[in-house]
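**Q** what's the 3D shape of this:
(one chain, ligands or ions: 1)
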Amino acid sequence: METLLRSCPTFTAKSPVKLGVGKQFAFCSFAFSKQRSCNVKLRAIRRSSQDGSSSVEDVRKDSVLLGAEKDESGSIVGFRLIPQSVPGDTKISNSGDNISNDKEVIVDDDLVDKRPTKVTYNIVFVSSEASPYSKTGGLGDVCGSLPIALAAREHRVMVVTPRYLSGGPSDKKFAGAVDLDCRIKVSCSGGVHEVAFFHEYRAGVDWVFVDHPSFHRPGNPYGDAYGAFGDNQFRFTLLSHAACEAPLVLPLGGFTYGEKCLFLANDWHTGLVPVLLAAKYRPYGVYKDARSIVVIHNLAHQGVEPASTYNNFGLPPEWYGALGWVFPTWARTHALDTGEAVNILKGAIVTADRILTVSQGYSWEITTPEGGNGLHELLGSRKSVLNGITNGIDVDEWNPSLDEHIPSHYSLDDLSGKIECKIALQRELGLPVRPDCPLIGFVGRLDYQKGIDIILSGTPDLLQDDVQFIMLGSGEKQYEDWMRATEATIKDKFRGWVGFNVPISHRITAGCDILLMPSRFEPCGLNQLYAMRYGTIPVVHGTGGLGDTVKTFNPFADEGKGEGTGWAFKPLTRETMLDALWVAIETYRKHKSSWLGLMKRGMERDYSWDNAAVQYEQVFKWVFTDPPYVS
Ligand SMILES: Nc1ncnc2c1ncn2[C@@H]1O[C@H](COP(=O)(O)OP(=O)(O)O[C@H]2O[C@H](CO)[C@@H](O)[C@H](O)[C@H]2O)[C@@H](O)[C@H]1O
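**A** Next up is the predicted model:
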């Protein structure tokens, strides 16, 4: 640690004075806040014990309803989050951190006593993607917008992500970030690697970019035309080490985030963060008061490499067990294969203080053999600290009345622009311009998860009907080739845009009538949320977050007015998908008022991050209530 600090001139030259002042300043408010937080906790506990553990079902607290989950014996094994609308503003208390920030002090005792207290945190997101700087999918969306939503709720938020430079136009996205002139040295992969930090303060968030030559190459964050980069384990090990140092060494806005911060490690790429806290820092008294949460956006990717690569992580040898992983016999490649490997996400699940997924449905699915990708038993054993919170969306970027990528704007009050978007899309892609023809869209990665094989098998039958179908996506070559071939043979009905194109994705979302998502599994899914906001009706496989967010249309409900926002079919087969599509198409053709009802109910829903942010805050409180993970 000392070496690291010495190698950071900015920190050693300036920080002691500022930290001293900050600490002293923070001390009063910290002591005060601890008392306040304790009071809040005690009230909750007292309520529980008053009710008796068997009767603790729902406790409304700070605008979140807590539902106790019990096992067969009646013992409480965890709490469900039941989102509530946020009732007015809560009053800000402080960050609970000994690094001061200027948002945290309340001096008026009367005011404090009368209003609910809100504790704010120093939050460090660590992610391999953060939109708009980098994005290959939903992870980038979430890590680009949730931090802003939390910062708007008075938390101090930093996002640590790589400074990817590919030598192309996308490099401009990092133009606003300045070199902090702070270098650290990371020991891993048999060497010592110097890493720099760049910084941009935007939308209330400290965007910190980790700079190293391995992040400078053509391609996307994970690979190029030849496949995944061979050194991804090294690149994301560097990111994780750098992220652990950032709160200690970067005096952002004059003050470091300090040791009492909350790390949110997203997916396997940053899964080493909780392991490093437990293995490298806490045994030496650093980060004793920090906490970590691993956020699982996709359990299918776990960062598994041969066991011999363990030494590359820069972890003490005795911590092998945290990451050690043995493949089942059937998954081994030959008779002498012992199946031994290291699994970064497994290490994160073992050592993180809490675990989050991006929907409640998925948080349950991953504890089952079908959805657990081999980790279901481990996840089941940590069920009491596992929660699911459905993602929000960036309602500014995805707003049909302001969207810069679509040709006509529209809203709930005036839908006329939507048909113009449809006509413009048909014209742009060279399809026959037919406003009445049902237009179906798909946007997403072309891989097994997204059920592309089901689309592929159902498309010939679907296109027998008088419909048009547009697909946008990139991924597995066999599916890209199939899209090109189908477009070439069924020119008047099918368009397959191979590639990653954000403006086109907006135009498909706005111009189509139906959005198809037959995902095999879907932790949350964002495109169905974008679709509903744009009055485009989702037809989805009712799994994970898709099942949680799309309610199947029932024309007879609500005294014949109908309810539901789309169709969620189950199980996932070619037939069930086609059946659901045909019901949707017939409803579009023959029941215009029902269709309008579907569109309006979808558009009316609140997709903002506010609901999710309230639930995240509840989990933040829980994570600081429990002691941190120590071996
Ligand atoms: N070719 C293309 N051109 C332009 N844009 C494209 C595109 N292909 C995909 N996108 C965009 O990438 C995002 C994909 O988000 P998803 O949530 O659907 O999936 P993803 O599987 O990447 O994310 C994982 O993480 C997220 C976030 O938690 C979970 O919602 C999800 O279930 C989980 O699998 C959307 O913004 C979409 O518009």
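
**Q** Show the end-to-end separation of stretch 434-448, please.
**A** Terminal residues of stretch 434-448 are spaced 32 Å apart (CA to CA, to the nearest Å).

**Q** That one vs the ligand: in contact?
**A** Yes - contact of stretch 434-448 with the ligand (CB under 6 Å from any ligand atom) involves Val443, Gly444, Arg445. From N, CA and C alone the C-beta is placed, and that goes for glycine too.

**Q** In that stretch, which of the residues would be classed as buried?
**A** The neighbour-count check on stretch 434-448 (16 or more other CB atoms under 10 Å) flags Cys437, Pro438, Leu439, Ile440, Gly441, Phe442, Val443, Gly444, Arg445, Leu446, Asp447 as buried.

**Q** want to try JSON lines for the residues you listed, with secondary structure and pLDDT as columns?
**A** JSON lines is the format used below for the buried residues of stretch 434-448 (DSSP: H, G, I helix; E, B strand; the rest coil; pLDDT from 0 to 100):
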{"residue": "Cys437", "secondary structure": "coil", "pLDDT": "98"}
{"residue": "Pro438", "secondary structure": "coil", "pLDDT": "98"}
{"residue": "Leu439", "secondary structure": "strand", "pLDDT": "98"}
{"residue": "Ile440", "secondary structure": "strand", "pLDDT": "98"}
{"residue": "Gly441", "secondary structure": "strand", "pLDDT": "98"}
{"residue": "Phe442", "secondary structure": "strand", "pLDDT": "98"}
{"residue": "Val443", "secondary structure": "strand", "pLDDT": "98"}
{"residue": "Gly444", "secondary structure": "coil", "pLDDT": "97"}
{"residue": "Arg445", "secondary structure": "coil", "pLDDT": "95"}
{"residue": "Leu446", "secondary structure": "strand", "pLDDT": "97"}
{"residue": "Asp447", "secondary structure": "coil", "pLDDT": "93"}
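
**Q** which one among the residues you listed gets closest to Val395?
**A** Distance to Val395 across the buried residues of stretch 434-448 (CB to CB) is lowest for Val443, with 18.1 Å.

**Q** Name whatever forms a beta bridge with that closest one.
**A** Beta-bridge pairing for Val443 (DSSP bridges): Leu472.

**Q** if we can go back for a sec, farthest pair within the buried residues of stretch 434-448?
**A** Pairwise over the buried residues of stretch 434-448, using CB to CB, the maximum falls at Cys437 and Asp447, 29.2 Å.

**Q** Write out the residues of the stretch 201-350 of the chain neighbouring the ligand.
**A** Checking the stretch 201-350 of the chain against the ligand by CB under 6 Å from any ligand atom, the hits are His297, Asn298.

**Q** Minimum distance to the ligand, which residue of the stretch 201-350 of the chain gives it?
**A** Minimum separation of the stretch 201-350 of the chain from the ligand (CB to the nearest ligand atom) falls at His297, amounting to 3.6 Å.

**Q** So for that residue, what's the pLDDT?
**A** For His297, the model assigns a pLDDT of 98.

**Q** Asp492 too?
**A** Here the pLDDT value assigned to Asp492 is 97.

**Q** What of Gly562?
**A** So Gly562 comes in at 86 (pLDDT).

**Q** just to revisit the earlier point, put together JSON lines for the residues of stretch 434-448 next to the ligand, with distance to Ile349 on each row.
**A** Below are these laid out as JSON lines (distance: CB to CB, whole Å):
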{"residue": "Val443", "distance to Ile349": "30"}
{"residue": "Gly444", "distance to Ile349": "26"}
{"residue": "Arg445", "distance to Ile349": "24"}
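
**Q** now, among these, which is nearest to Gly417?
**A** Here the nearest of these to Gly417, counting by CB to CB, is Val443; it sits at 19.8 Å.

**Q** Roughly how far does the closest one sit from Phe569?
**A** Plainly put, Val443 is 19 Å away from Phe569 if you go by CB to CB, to the nearest Å.

**Q** thinking again about what came up before, just curious, which of the residues of stretch 434-448 next to the ligand is nearest to Gly324?
**A** Of these, the one sitting nearest to Gly324 (CB to CB) turns out to be Arg445, at 30.2 Å.

**Q** Enumerate every residue touching the closest one.
**A** For Arg445, the contact set (CB atoms under 8 Å, 6 or more residues apart in numbering) comprises Thr136, Gly137, Gly473, Ser474, Gly475.

**Q** near the ligand, which residues of this protein?
**A** Applying CB under 6 Å from any ligand atom, one finds that the chain approaches the ligand through 137-139, 141-142, 297-298, 358, 391, 443-445, 472-474, 500-502, 505, 522-527, 545.

**Q** Buried among these? Need that as a selection in ChimeraX.
**A** Selecting just the buried residues from these in ChimeraX takes one command, with 16+ other CB under 10 Å as the test:
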select :138,139,141,142,297,298,358,391,443,444,445,472,473,474,500,501,505,522,523,524,525,526,527,545
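
**Q** Keep only those of the residues of the chain next to the ligand that are in helices.
**A** Using DSSP state H, the subset of the residues of the chain next to the ligand located in helices is Gly138, Leu139, Asp141, Val142, Val502, Ser505, Asn527, Gly545.

**Q** quick revisit: quick check, nearest of the residues of stretch 434-448 next to the ligand to Met577?
**A** Distances from Met577 to these, taken by CB to CB, are shortest for Gly444, at 14.8 Å.

**Q** Need the nearest residue in space to the closest one, chain neighbours excluded.
**A** Nearest residue to Gly444, sequence neighbours excluded (CB to CB, 6 or more residues apart in numbering): Lys450, at 4.8 Å.

**Q** What residues does the one you found make contact with?
**A** Residues in contact with Lys450, defined by CB under 8 Å, 6+ apart, are Gly444, Gly473, Met517, Pro518, Ser519, Arg520.

**Q** is it fair to say the fifth one lies in a helix?
**A** No - when DSSP: H, G, I helix; E, B strand; the rest coil is applied, Ser519 is found to be coil, with no helix at that position.

**Q** what number of residues lie near it?
**A** Using other CB atoms under 10 Å, Ser519 is surrounded by 23 other residues.

**Q** Report pLDDT for the residue nearest the centre of the chain.
**A** By CA atoms, centre = their mean, the mean C-alpha position of the chain lies nearest to Val142, the distance being 4.3 Å. Predicted confidence (pLDDT) for Val142: 98.

**Q** From Asp579, how far off is it?
**A** As judged by CB to CB, Val142 and Asp579 stand 32 Å apart.

**Q** Assess the claim that Glu305 and Lys346 are in contact.
**A** No - if you go by CB atoms under 8 Å, Glu305 and Lys346 don't touch, sitting 11.9 Å apart.

**Q** quick one on the thing from earlier: who touches the residue nearest to the centre of the chain in this structure?
**A** By CB under 8 Å, 6+ apart, the neighbours of Val142 are Asn266, His297, Val358, Asn391, Leu526.

**Q** okay if I get those residues as JSON lines plus distance to Met532?
**A** Shown next, in JSON lines, are the contacts of Val142 (distance: CB to CB, whole Å):
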{"residue": "Asn266", "distance to Met532": "25"}
{"residue": "His297", "distance to Met532": "20"}
{"residue": "Val358", "distance to Met532": "17"}
{"residue": "Asn391", "distance to Met532": "13"}
{"residue": "Leu526", "distance to Met532": "11"}
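
**Q** Alright, that wraps it up for me.
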